[in-house]
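In: here is a sequence together with a model predicted from it:
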Amino acid sequence: MAAGGFCKLPNGTVVVALNLPSPAADAPAGVRVLVHAQNRARALTRLRNLGLRAVYLRGNSAPPTPDEITAVLHHPDGLIWRTTPESTPLTVELWHPIKALLRPA
């Protein structure tokens, strides 16, 4: 369902990046989610446990950038998101904790 990729770190853990469609039906922008975990399967399980059931990683077409890796490694939860860079090319949006995305409206 999602484009994305992963990067294996020297300590054996991975950072998985996924581009997901926007959770709001009327919003054109999607979101980019970063997950730090022991392996790819655990990263996807973390997202599925939060309610994102149809999340799969096929291929490595959009791996995380070095800046994205740094951002997720410095976050205490190891799970962050922001709108996709293509949707806001002139502004730089900060990363948000995943709880901000999944908060009920």
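Out: Ah, there it is.

In: how close does Leu73 sit to Gly51?
Out: Relative to Gly51, Leu73 is positioned 24 Å away (CB to CB, to the nearest Å). Bear in mind the C-beta positions are built from the backbone N, C-alpha and C, glycine included.

In: how much space between Trp81 and Asn11?
Out: Distance, Trp81 to Asn11, using CB to CB: 23 Å.

In: so between these two, which is more surrounded?
Out: The neighbour comparison of Trp81 against Asn11 (other CB atoms under 10 Å) goes to Trp81, with 21 against 5.

In: hmm, which helix or strand of this protein has the shakiest average pLDDT?
Out: Counting by mean pLDDT, DSSP states H and E, the chain has its least confident helix or strand at helix 98-102, which shows a mean of 78.

In: in it, what's buried?
Out: Within helix 98-102, the residues scored as buried using 16 or more other CB atoms under 10 Å are 98, 101.

In: packing partners for it?
Out: When contacts are defined as 3 or more CB pairs under 8 Å, 6 or more residues apart in numbering; DSSP states H and E, helix 98-102 packs onto strand 31-37, strand 79-83.

In: and the first one with strand 79-83, angle?
Out: What that stands for is strand 31-37. Put simply, strand 31-37 runs at 160 degrees to strand 79-83, going by axes from the mean of the first three to the mean of the last three CA atoms, to 10 degrees.

In: show me the contact partners of strand 31-37.
Out: Strand 31-37 has contacts (CB atoms under 8 Å, 6 or more residues apart in numbering) with 13-20, 22-23, 43-44, 46-47, 64, 68, 71-73, 75, 78-85, 95, 98, 101.

In: following element in sequence after that strand, please.
Out: helix 40-49 (DSSP states H and E).

In: quick check: the residue nearest to the spatial centre of the chain vs Thr83, distance?
Out: The centre of the chain sits closest to Val33, judged by CA atoms, centre = their mean, with a distance of 1.3 Å. From Val33 across to Thr83, the span is 11 Å (CB to CB).
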